[in-house]
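# Generate coordinates for the sequence data below:
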Amino acid sequence: MNTNPYTPSQVERSSVPRRRIGTLIVAAVLLYPLIALTFLYATWGLATLQLGRPPIPYREYPEGVAITVLSWVTAILHLLAPFAVPLGLVFSILFPFARFNTHSAPVSLRVASLATYTAIGAAVLSVLSHDPYRVVDWFWD
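Numbering: from 1, shown residues only. Modelled structure (predicted):
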């Protein structure tokens, strides 16, 4: 029997990691557009480093374990977009700014979270539509 009142009980120890993992999952869904864009440009950057110059779309396919793994992760992230983006919209309303205790969250906080998610998505879409190095064309060719 533990008589120290400052030692957390077994229930308190097990709930903290679950909450952190849940917060990380919600934050990853909310930041999904940025994560997918980062992986896309990381794949392109690794190919640029490997070739010594930016790769030409429809012609150059660098090889290597790192670029293969990174390109598979990037492709999976992009293929999950039809599911992750609507889920991010829902999560931005249900869990504003990845907070779990939102029973008394004001509507303004939920609207601000939704507006932030929408702004992140618009910024990513803007970067992808004004792509000077044609990274998306190079990746999906």
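# So Pro96 versus Thr3, what's the distance?
The gap separating Pro96 from Thr3 is 42 Å, by CB to CB, to the nearest Å. Backbone N, C-alpha and C define where each C-beta goes, glycine included.
# of the two, who's got more company?
Set Pro96 next to Thr3 and count neighbours by other CB atoms under 10 Å: Pro96 wins out with 22 against 5.
# thought that one was touching Leu109?
Yes - counting by CB atoms under 8 Å, Pro96 touches Leu109, with 4.7 Å between them.
# now for the strand or helix carrying Ile76, which elements pack on it?
Following DSSP states H and E, one finds Ile76 within helix 65-79. In terms of contacts (3 or more CB pairs under 8 Å, 6 or more residues apart in numbering; DSSP states H and E), helix 65-79 is packed against helix 32-51.
# could you give me the average pLDDT of the helix ranked longest in the chain?
Across the chain, the longest stretch assigned as helix under DSSP state H is helix 107-129. Averaging pLDDT along helix 107-129 yields 93.
# Likewise for stretch 58-67?
Per-residue scores along stretch 58-67 average to 83.
# Spatially central residue for the chain, please.
Residue closest to the mean C-alpha point of the chain, counted by CA atoms, centre = their mean, is Tyr32 at 2.9 Å.
# any idea how far Ala75 is from Tyr32?
In this view, Ala75 and Tyr32 are 15 Å apart by CB to CB.
# Repeat that for Pro82.
12 Å.
# Quick check: which ranges of this protein have low pLDDT?
Applying pLDDT under 70 to the chain flags the ranges 1-2, 5-18, 102.
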